[in-house]
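Asker: just coords:
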């Protein structure tokens, strides 16, 4: 089972596997041979790590080209649209019809610009006669007796201005990932994803959730996506460490989403945490660690 | 500021230093022909593409697509064997059958076929949404279909050949196909349907999820079949999820709510979510996709 998983992860990220020539499980043939020998020579020590993702909470800001494209397309659409049957939808002379005509005029002006639409309304043709007759007092000018619409909140949160990497509200347009500062397999303090060892008879996705809660507390609502690992990290360890660990070390990554709450590490094993984008993760983690996870982190 | 000035001057110098070859002036085109309304007919076929970004489409591409790939991944280390021909076909080398359609005897049993192998290019995605209603009173008088047609136009925003696309069919009439004694005759309009694709589909989905379903009384979610139901039945293998809305739901669409009195009667509707999933258990994968858009499902 283990070897099949390793192969699958290697197939998904061939480059990651090529980076580490010491890995023995690069092909199916080798996988079967090592599976046969795993009971006798080297046992595998399996860790389950969780990549906790905070999905984007804002829509992405359109680029200049996209905005121009959409404005152009909506102008064509407005010009080519089938005639709107006002007589079905509105009673003639009703407040709703006036409101619609007024809004439509604004939209027309927005789409086709100032001078052209102004000129057309000045001409006062029979189409515009009705629109021109709608006179609203300046206090009603913005909304016909309705409550004013609140302006949308700023797209830049205070956490962005302060540079607070622990806030879940930072960088609303990006995918953020939970990175913690804790000890790795050599006992060195590094930035890594939350992880922990697999217990006997435990499934990977169960171990992932348990280890996550052990490291960053139970204050988060977490949903682990699927039961299959999405990446594997196998450090090239010296012989002495393999002996002390009693086997080769594999860390399998599972993806999870945070639904509510916030990380609260106990401070004993985990000293710090941060919600980071892909580019911010790269300088913090080890090179071979980065090679095994970079393809599964989102660029957006 | 000074840097801007500097770049501007260098640019001016380079253009001044470049020798510009004189070319022919642009040809003088005759003015565009005008149609009977006096509007210019463009010399190209103008087709409207997307007029705005869709939040749910972004959500699908940022989050759901990746998650669904992990959730529906089936590990197949060895390429599949070609299926054993259980059912006979006519001899393909026989001159009579050589260039003829030669399906296996008894049909190709499409519902029993396994899903295609997991790959990044066949992740499940929503292709279109079809809304459909049958109006019984249309048999007596076809003018009873006018209300549903207008309601569907308002809900979907689709018009016939809208935006110059000849494939945009808008709201279509559903006509009887069989002669059922005392009820339907062939060619008799009995209902109305509309196919939604692209941004209109995403807009409809977000309105349904945010305005209609939460306000619907006694709505427990779309009922699921029990775990014992077979996965190779035609409906379970076709990747389509369908459900119905009661007549009370019509007034909950904001497009209809705004002038609810204009519609002579309310009616229920069927909504079909059509995905690209195929093979055994495709409907379950389609449900996983839809639950990602927060459409609730419940055990019956």
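Answerer: The structure has been received and is ready for your questions. A quick note: this is a predicted structure, and the numbers were derived from the prediction, not measured.

Asker: what about residue B:199, neighbour count?
Answerer: Residue B:199 has 18 neighbouring residues, counting by other C-beta atoms under 10 Å in any protein chain shown. The way it works is simple: take the backbone N, C-alpha and C, and place the C-beta from them, glycine included.

Asker: Against residue B:122, how distant is it?
Answerer: 23 Å (C-beta to C-beta, to the nearest Å).

Asker: cool, and residue A:99?
Answerer: Per C-beta to C-beta, residue A:99 is found 48 Å from residue B:122.

Asker: Which residue of the two possesses the greater neighbour count?
Answerer: Each of residue A:99 and residue B:122 has its neighbours counted (other C-beta under 10 Å); residue A:99 has more, 18 against 15.

Asker: helix or strand for the more buried one, which one?
Answerer: If you go by DSSP states H and E, residue A:99 is part of helix A:95-112.

Asker: What are the buried residues along that helix?
Answerer: Residues of helix A:95-112 classed as buried by neighbour count (16 or more other C-beta atoms under 10 Å in any protein chain shown): A:97, A:98, A:99, A:100, A:101, A:105, A:108.

Asker: Wait, the fourth one touches residue A:86, no?
Answerer: What it means is residue A:100. Yes - Residue A:100 lies in contact with residue A:86 (C-beta atoms under 8 Å); the separation is 7.4 Å.

Asker: Which residue ranges of the chain form strands?
Answerer: Here I'm looking at chain A. A:44-54, A:176-183, A:189-192, A:195-197, A:220-224, A:231-233, A:248-261, A:272-276 (DSSP state E).

Asker: That was the other one, I meant chain B.
Answerer: Counting by DSSP E, the strands of chain B are B:126-134, B:171-175, B:189-196, B:222-224, B:240-245, B:269-275, B:297-299.

Asker: for those strands, which one ends up most surrounded?
Answerer: Mean neighbours per residue, mean count of other C-beta atoms under 10 Å in any protein chain shown, is largest over those for strand B:189-196, with a mean of 21.

Asker: what comes into contact with it?
Answerer: With C-beta atoms under 8 Å, 6 or more residues apart in numbering or on different chains as the test, strand B:189-196 has contacts from B:128-136, B:138-139, B:142, B:145, B:148-149, B:152, B:156, B:158, B:169-176, B:184, B:204.

Asker: residues from chain B in reach of chain A?
Answerer: By C-beta under 8 Å from any C-beta of the partner chain, the residues of chain B that approach chain A are B:46, B:48-53, B:55, B:58-59, B:62-63, B:66-67, B:70-71, B:73, B:75, B:77-78, B:146, B:150, B:154, B:159-164, B:258-259, B:262.

Asker: now, which of those lie within helices?
Answerer: When these are checked against helices (DSSP state H), the matches are B:55, B:58, B:59, B:66, B:67, B:70, B:71, B:146, B:150, B:154.

Asker: how about the nearest residue to the second one, chain neighbours excluded?
Answerer: Right, residue B:58. Nearest residue to residue B:58, sequence neighbours excluded (C-beta to C-beta, 6 or more residues apart in numbering or on different chains): residue A:59, at 5.6 Å.

Asker: who touches the one you found in this structure?
Answerer: Per C-beta under 8 Å, 6+ apart, neighbours of residue A:59: A:173, B:53, B:55, B:58.

Asker: Residue B:104 too?
Answerer: Applying C-beta under 8 Å, 6+ apart to residue B:104 gives the contacts B:85, B:86, B:87, B:88, B:89.

Asker: Adding neighbour count and pLDDT as columns, could you present the residues you listed in a markdown table?
Answerer: Shown next, in a markdown table, are those (neighbours: other C-beta atoms under 10 Å in any protein chain shown; pLDDT from 0 to 100):
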| residue | neighbour count | pLDDT |
| --- | --- | --- |
| B:85 | 8 | 76 |
| B:86 | 8 | 76 |
| B:87 | 11 | 78 |
| B:88 | 9 | 81 |
| B:89 | 12 | 83 |
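
Asker: how about those residues, which pair is most distant?
Answerer: Based on C-beta to C-beta, the longest span within the contacts of residue B:104 runs between B:86 and B:89 and measures 10.9 Å.

Asker: Which residue lies nearest the spatial centre of chain B?
Answerer: In chain B, the centroid-proximal residue (C-alpha atoms, centre = their mean) is residue B:128; its distance is 1.2 Å.

Asker: Could you list the residues of the stretch 1-150 of chain A in contact with chain B?
Answerer: Within the stretch 1-150 of chain A, the positions near chain B by C-beta under 8 Å from any C-beta are A:4, A:7-8, A:11, A:28, A:55-56, A:59-60, A:62, A:66, A:70, A:73-74, A:76-77, A:80-82, A:85, A:88-91, A:96.

Asker: Buried by neighbour count, from those: which ones?
Answerer: Buried among the residues of the stretch 1-150 of chain A next to chain B (16+ other C-beta under 10 Å): A:7-8, A:55-56, A:59-60, A:70, A:73-74, A:76-77, A:80, A:89-90.

Asker: ok, so of those residues, who is nearest residue A:235?
Answerer: Using C-beta to C-beta, those come closest to residue A:235 at residue A:7, 18.5 Å.

Asker: Find me the pLDDT at the closest one, would you?
Answerer: Looking at residue A:7, its pLDDT stands at 42.

Asker: next one: residue A:200
Answerer: You'll see residue A:200 listed with a pLDDT of 86.

Asker: In contact with the closest residue to residue A:274 other than its chain neighbours, which residues?
Answerer: Of all residues not flanking residue A:274 in the chain, residue A:165 sits nearest, at 4.1 Å (C-beta to C-beta, 6+ apart). Listed by C-beta under 8 Å, 6+ apart, the contact set of residue A:165 reads A:274, A:275, A:276, A:280.

Asker: got a winner among these for most neighbours?
Answerer: Going by other C-beta under 10 Å, residue A:275 tops the contacts of residue A:165 with 25 neighbours.

Asker: distance of that residue from residue A:160?
Answerer: Going from residue A:275 to residue A:160 by C-beta to C-beta gives 12 Å.

Asker: Residues that sit against both of these two, list them.
Answerer: Common contact partners of residue A:275 and residue A:160 (C-beta under 8 Å, 6+ apart): residue A:170.

Asker: about what we covered before: any chance of the ones in helices among the residues of chain B next to chain A in TSV with neighbour count and pLDDT as columns?
Answerer: Listed next are these as TSV, based on neighbours: other C-beta under 10 Å; pLDDT from 0 to 100:
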residue	neighbour count	pLDDT
B:55	14	93
B:58	17	93
B:59	19	94
B:66	21	93
B:67	20	94
B:70	18	93
B:71	18	93
B:146	15	93
B:150	19	92
B:154	18	92
